[in-house]
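Enquirer: The following comprises the amino acid sequence and a computationally predicted model.
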Amino acid sequence: MLASNQTVAAGVAYAAEAVAESQIVYGDANGDGKVDAKDASAVLRYYAYVSTGGKDPIEKFLG
Ligand SMILES: [Ca+2]
């Protein structure tokens, strides 16, 4: 039995998401592949932003 295009697309999306998750470097807030003081600074800037009413998610704030 053949899978529908929708089923195949969902499987591909799931696999891509699994790959993306396996490449996460925890603590790498700015996404440059290193965990250093720049990440700490980025997180503190975001903390100040949220603490003063900022509503954007960190990805958008740092992007
Ligand atoms: Ca970084």
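Expert: Thanks, I have it. From a predicted model like this one, the values you see are computed outputs, not experimental measurements.
Enquirer: Give the residue spans of this structure that score low on pLDDT.
Expert: 1-5, 7-12, 14-16, 18-21 (pLDDT under 70).
Enquirer: what residues does it put near the ion?
Expert: 28, 30, 32, 34, 39 (C-beta under 5 Å from the ion). All C-beta atoms are positioned from the backbone trio N, CA, C, and that covers glycine.
Enquirer: Of those, just the buried ones, PyMOL syntax please.
Expert: Per 16 or more other C-beta atoms under 10 Å, the buried members of those correspond to this PyMOL selection:
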select buried, resi 39
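Enquirer: Now do Lys34 against Gln23, distance only.
Expert: Distance, Lys34 to Gln23, using C-beta to C-beta, to the nearest Å: 14 Å.
Enquirer: for Asp56, that is, sorry about that
Expert: Taking C-beta to C-beta, one finds Asp56 at 24 Å from Gln23.
Enquirer: Comparing the two, which shows the higher neighbour count?
Expert: Shown here are Asp56 and Gln23; by other C-beta atoms under 10 Å, Asp56 has more neighbours (12 against 7).
Enquirer: contacting residues around that one?
Expert: Going by C-beta atoms under 8 Å, 6 or more residues apart in numbering, Asp56 touches Tyr49.
Enquirer: Would you map the strands across the chain?
Expert: Under the criterion DSSP state E, the chain contains no strands.
Enquirer: Please enumerate the helices of it.
Expert: 5-22, 37-51, 58-62 (DSSP state H).
Enquirer: who touches the last one?
Expert: Read it as helix 58-62. By C-beta under 8 Å, 6+ apart, helix 58-62 touches 29-31, 42, 45-46, 49, 54.
Enquirer: Please report phi then psi for Ala29.
Expert: phi -60, psi -40 (degrees, to the nearest 10).
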